[in-house]
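Peer 1: structure here, sequence nowhere to be found:
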């Protein structure tokens with residue numbers, strides 16, 4: 001069984017979330033008339049802030065205020081019209097910090113929102129989002145990817161795209177916690193798990209060139225033995241081909257580590273990058289079709 005571990009220090013915030021202000025406790029200064037709180041709203045806002053819960057559900061509203069059904073929905077509908085909350089989806093909302101004044105649209109940390117959209121089910125930030133959180137990318141990511149045990153449709157919330165990859169119970173291994181605010185953390189696949197997910201489903205990670213960059217950038221941090229151990233959680237021959245090919249190309253694994261990977265391959269060929277058309281020469285050693293220029297991959301260590 002894989003070992004699950006946690007980061008002891010807060011990870012640097014990603015570029016996408018640095019652009020968003022951290023929600024703060026209720027201010028003591030007077031509020032604008034458009035955002036004045038009534039008794040029920042005040043109870044709700046104070047309690048949510050006490051719980052450091054800036055993203056909340058209709059069930060939270062009912063629990064805190066004692067209102068039920070249409071009464072709770074009416075309270076939130078009025079708060080939304082007055083710019084006190086932003087609706088993320090049906091039954092899920094985020095507080096608008098009072099210091100934003102008359103602003104009526106606000107989205108909190110996108111990673112926290114992705115967590116909340118999974119509605120309490122098991123989840124982890126994955127693919128391109130995990131690559132960004134682990135500093136394995138050079139460009140900011142504007143789509144949030146999360147793997148979840150619950151089938152969740154894609155959503156667009158005020159300029160942020162959320163994509164959810166449905167996974168089974170066997171996908172919950174090699175996970176770590178990353179702090180994205182002073183009070184809240186999210187679950188993220190560790191570096192080795194992230195790379196395997198990205199090689200398995202490069203369409204969620206910007207394609208194989210981006211994954212190859214991530215592999216090279218993290219070469220001093222990742223453990224090849226752990227990568228190979230994690231492979232037992234996958235049943236994809238294409239993943240084995242891509243991983244073996246790139247590890248050998250970048251001389252990141254010994255022949256002894258690579259031979260079990262190569263000897264277990266079938267006669268089938270897979271595209272190196274499934275997001276691109278079937279074209280290019282066939283490489284017999286790893287049984288991949290090189291539909292990406294080998295010169296492009298060779299150039300990555302020198303950029």
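Peer 2: Yep, that arrived. Nothing here was measured: the structure is a model prediction, and the numbers come from that model.
Peer 1: where does the stretch 51-200 of the chain have low pLDDT?
Peer 2: 98-108 (pLDDT under 70).
Peer 1: swap in 80 and give it another go.
Peer 2: 52, 83, 97-108, 157-159 (pLDDT under 80).
Peer 1: where do the helices sit along it?
Peer 2: 58-65, 69-81, 110-117, 127-133, 191-200 (DSSP state H, counting those that start in this stretch).
Peer 1: what residues of the longest one count as buried?
Peer 2: For helix 69-81, a neighbour-count test (16 or more other C-beta atoms under 10 Å) marks 72, 75-76, 79 as buried. To be clear about C-beta, it is placed using only N, CA and C from the backbone, and glycine gets the same treatment.
Peer 1: residues making contact with that helix?
Peer 2: 40-41, 44, 58, 61-62, 65, 67, 85-87, 93 (C-beta atoms under 8 Å, 6 or more residues apart in numbering).
Peer 1: how about the nearest residue to the residue nearest to the spatial centre of the chain, chain neighbours excluded?
Peer 2: With distances taken as C-alpha atoms, centre = their mean, residue 125 lies nearest the centre of the chain, 2.9 Å away. In this structure, residue 125 finds its nearest non-sequential neighbour in residue 188, 4.5 Å apart by C-beta to C-beta, 6 or more residues apart in numbering.
Peer 1: and for that neighbour, the neighbour number?
Peer 2: By the criterion of other C-beta atoms under 10 Å, residue 188 has 26 neighbours.
Peer 1: same check, this time on residue 202
Peer 2: 25.
Peer 1: likewise residue 163?
Peer 2: 18.
Peer 1: show me what it bridges to in the sheet.
Peer 2: residue 145 (DSSP bridges).
Peer 1: domain ranges for the chain?
Peer 2: For the chain, the structural domains run 21-100, 110-302, going by automatic domain parsing.
Peer 1: looking at those, which is buried most?
Peer 2: domain 110-302 (a mean of 18; mean count of other C-beta atoms under 10 Å).
Peer 1: next, the distance between the ends of that domain.
Peer 2: End-to-end distance for domain 110-302: 33 Å, by C-alpha to C-alpha, to the nearest Å.
Peer 1: quick one: distance of stretch 69-78 to the chain centre.
Peer 2: Distance of stretch 69-78 from its chain centroid, counting by C-alpha atoms, centre = their mean, to the nearest Å, is 31 Å.
Peer 1: oh, that last question was meant for stretch 152-165, not what I typed.
Peer 2: That offset, for stretch 152-165, works out to 11 Å (C-alpha atoms, centre = their mean).
Peer 1: and for stretch 55-71?
Peer 2: That offset, for stretch 55-71, works out to 28 Å (C-alpha atoms, centre = their mean).
Peer 1: show the end-to-end separation of it, please.
Peer 2: End-to-end for stretch 55-71, by C-alpha to C-alpha: 20 Å.
Peer 1: and for stretch 270-282?
Peer 2: 9 Å.
Peer 1: ditto for stretch 275-290
Peer 2: 12 Å.
Peer 1: identify the residue spatially nearest to residue 58, adjacent ones excluded.
Peer 2: residue 91 (4.5 Å).
Peer 1: what of residue 245?
Peer 2: In space, residue 245 is closest to residue 286, 4.2 Å off (C-beta to C-beta, 6+ apart).
Peer 1: alright, that wraps it up for me.
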